[in-house]
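Novice: could you work out the structure for the sequence below:
(one chain, ligands or ions: 1)
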Amino acid sequence: MALRSINPADNQELAVYEEFTAEKIDQTIRLANEAHLAWREVSMGIRAYHLMKASSIMRRRTRQLALIMTQEMGKPIRESESEIEKCAWVCDYYAENAASFLAAEQIRTEASKSFIAFEPLGVILAVMPWNFPFWQVFRFAAPSLMAGNAAILKHASNVTGCALAIEEIFREAGFPEHLFRTIPVGSHAVESTIRHSLVRAVTLTGSTEAGKSVAAIAGSAIKKTVLELGGSDPYIILKDANIELAAEQCVKSRMINTGQSCIAAKRFIVVKEVADDFTEKVVDLMGNIHFGDPMDENTAIGPMARTDLRDELHDQVLRSIVSGAKCLMGGVLHKRVGAWYAPTLLTDVAEGMPAYSEELFGPVAVIIRAEDEEDAIRIANDTSFGLGAAVFSEDVTHAEDIAWRKLNAGCCFVNSFVRSDPRLPFGGVGESGYGRELALFGIREFVNIKTIYIQ
Ligand code: NAP
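Specialist: Next comes the predicted model:
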């Protein structure tokens, strides 16, 4: 079987990759485990040296790496370049902080000495999505390798070029030959890979459906999982909000990566007093977005990553319109060959519509009117997801209270759009998954938290 990379801007085939056979996967895992056994003895200083090298390789080759991404999944080139810079940042961050995050912690007990050590687990399988094809991998790999683990990457089937480029970065940075390996395979190979006796844990970033399947398999084999799944992030706009700022941040968040971000603002929930003003500003901002060739430096929205995903999104939009949503902009399929979908704005969205309850993974903004603040909070929490959320209000103390105590989400921002940052833990609740990436919490997911007690 083969994996195909197709440029979504014109549907031209870029490359075809032979999938690894079961024997090749087994051999790759065994070699990774051997590499891990040697790597776990390597000092933190040397591990950090190689991670810094990976970051400098990325900074030196930003354009070349960004191009692979833009061609394989259509990300506007300017955003692809920023993504590579962010990967370099997370490498620098863990190179600088891993030693202190994993330093043994002394605990005072009746023993003559007792402490907690953080030991690597071994080979970790990473099942990753195409939407941030470098960032998703680096935010897992940088802490995991610093902790002494080995990594096997099963990337999304449409971004094998990115997966192989990442493997090459680690090799060139001087990491042991088999410590980080890509296995080009479709999702059919995930179950047997999880069940391999040398695979100790799994991290999956992707859809809730994939998360449920991976968690069930890993659970039956008693292997730890971290799941970073979908989201339907609510952005609440209160009547005392700076409407200009709120509209600008909402549109920015919704349209980043052509709307294909787990933490995009997927529901703009506006209290009725300011709904018209807010809608007007959103229409204005969305009308001015540069939609076109992802290779153009000025482009903010390019094609979606695949035509099947575009068709699925269009179906959700049409079903929402049939159920009563108003389409103020877009909402029609482009004649152009490729996965194009113009920025679309749905208003009057209400309970029972796909745009209210499902994740819309593309450039479609959704406005829901709320009666008042209480109603806005109720709507925000009326979801099976719980990844990010935001509140806009000039009363920052009050907004902080809503963010902290009233919203069910893994991260809540006030007067700003939600973003990931190596210094802050990232992850969700409910059907958005469990476990955390980034910061101290991310590096502690794939370690054995080991108690040592000396009488
Ligand atoms: P996806 O279809 O779930 O694919 C993600 C990865 O899982 C791919 O490598 C895919 O392999 C694999 N996969 C799919 N179905 C599987 C199954 N049943 N068993 C095992 N592996 C399976 O998701 P996507 O469409 O690529 O990505 C979009 C989704 O990811 C959205 O829901 C988005 O919100 C979420 N996401 C979440 C985060 C976060 O941090 N929370 C970040 C980014 C994206 P193939 O490509 O071979 O099918």
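
Novice: in the protein, where's the longest helix?
Specialist: helix 77-101 (DSSP state H).

Novice: quick check, that helix touching the ligand?
Specialist: No - applying Cβ under 6 Å from any ligand atom, one finds helix 77-101 out of contact with the ligand, separated by at least 12.2 Å. C-beta: built from backbone N, CA, C; applies to glycine.

Novice: that helix: which residues count as buried?
Specialist: Buried residues in helix 77-101, defined by neighbour count with 16 or more other Cβ atoms under 10 Å: 77-84, 86-95, 97-98, 101.

Novice: repeat for stretch 412-424
Specialist: Applying 16+ other Cβ under 10 Å to stretch 412-424 flags C412, F413, V414, N415, F417, V418, S420, P422 as buried.

Novice: quick one: that stretch to chain centroid distance?
Specialist: Taking Cα atoms, centre = their mean, to the nearest Å, one finds the center of stretch 412-424 at 13 Å from the center of the full chain.

Novice: list of residues touching that stretch?
Specialist: 89-90, 93-94, 135, 139, 233, 235, 242, 245-246, 249-250, 252-253, 263, 265, 388-393, 396, 399-400, 403-404, 411, 426, 437-439 (Cβ atoms under 8 Å, 6 or more residues apart in numbering).

Novice: quick check: phi and psi on the closest residue to the ligand within the chain?
Specialist: At 2.7 Å from the ligand, G206 is the closest residue in the chain, using Cβ to the nearest ligand atom. Main-chain dihedrals, G206, degrees, to the nearest 10: phi 170, psi -150.

Novice: for it, which non-adjacent residue is spatially closest?
Specialist: Leaving aside its chain neighbours, G206 sits nearest to P129 (4.6 Å; criterion: Cβ to Cβ, 6 or more residues apart in numbering).

Novice: any stretches of the chain with poor pLDDT?
Specialist: Across the chain, nothing is flagged by pLDDT under 70.

Novice: am I right that T225 falls within a strand?
Specialist: Yes - the assignment for T225 by DSSP: H, G, I helix; E, B strand; the rest coil puts it in a strand.

Novice: residue numbering should commence at 16 henceforth.
Specialist: From this message on, residue numbering opens at 16, which makes the last subject T240.

Novice: and it, what does it touch?
Specialist: T240 neighbours (Cβ under 8 Å, 6+ apart): A216, V217, T218, L219, V229, A230, A233, G234, Y449, G450.

Novice: please pick the buried ones from the contacts of stretch 427-439.
Specialist: Judged by 16+ other Cβ under 10 Å, buried ones among the contacts of stretch 427-439: 104-105, 108-109, 150, 154, 248, 250, 261, 264-265, 267-268, 278, 280, 403-408, 414, 418, 426, 441, 452-454.

Novice: and the residue lying closest to G60 once chain neighbours are set aside, how far from I72?
Specialist: The shortest distance from G60 to any non-neighbouring residue, by Cβ to Cβ, 6+ apart, is to A114 (7.7 Å). According to Cβ to Cβ, to the nearest Å, A114 and I72 sit 22 Å apart.

Novice: count of residues packed around M16?
Specialist: Neighbours of M16 under the rule other Cβ atoms under 10 Å: 13.

Novice: wait, isn't it in contact with E34?
Specialist: Yes - if you go by Cβ atoms under 8 Å, M16 and E34 touch, sitting 4.7 Å apart.

Novice: shared neighbours, those two?
Specialist: G201.

Novice: which positions in the stretch 316-465 of the chain make contact with the ligand?
Specialist: So the stretch 316-465 of the chain meets the ligand at E374, F376, L402, G443, S447, G448 (Cβ under 6 Å from any ligand atom).

Novice: for those residues, give me a markdown table that also has secondary structure.
Specialist: Shown next, in a markdown table, are those (three-state DSSP):
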| residue | secondary structure |
| --- | --- |
| E374 | coil |
| F376 | coil |
| L402 | coil |
| G443 | coil |
| S447 | helix |
| G448 | strand |
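
Novice: residues making contact with the helix or strand hosting A178?
Specialist: In this structure, A178 is located in helix 175-187 according to DSSP states H and E. Identification of contacts with helix 175-187 by Cβ under 8 Å, 6+ apart yields 18, 20, 29-30, 32, 68-69, 72-73, 80, 83-84, 86-88, 148-149, 152-153, 156, 160, 168, 170, 192, 194-197, 199.

Novice: what number of residues lie near A118?
Specialist: 13.

Novice: so what does it have for phi and psi?
Specialist: The phi/psi pair for A118 (degrees, to the nearest 10) is phi -70, psi 140.

Novice: distance of it relative to T466?
Specialist: A118 is 15 Å from T466, by Cβ to Cβ.

Novice: returning to what we had before: for the next helix or strand after the longest helix of the chain, which outside residues touch it?
Specialist: Next helix or strand after helix 92-116 toward the C-terminus (DSSP H and E): strand 120-121. By Cβ under 8 Å, 6+ apart, the surrounding residues in contact with strand 120-121 are K128, S129, F130, I131.

Novice: narrow these to those in strands?
Specialist: K128, S129, F130, I131 (DSSP state E).

Novice: now, of the residues you listed, which are buried?
Specialist: Buried among the ones in strands among the contacts of strand 120-121 (16+ other Cβ under 10 Å): S129, F130.

Novice: let's have the ones in strands among the contacts of strand 120-121 in CSV, adding distance to the ligand.
Specialist: Shown next, in CSV, are those (distance: Cβ to the nearest ligand atom, whole Å):
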residue, distance to the ligand
K128, 39
S129, 36
F130, 33
I131, 28
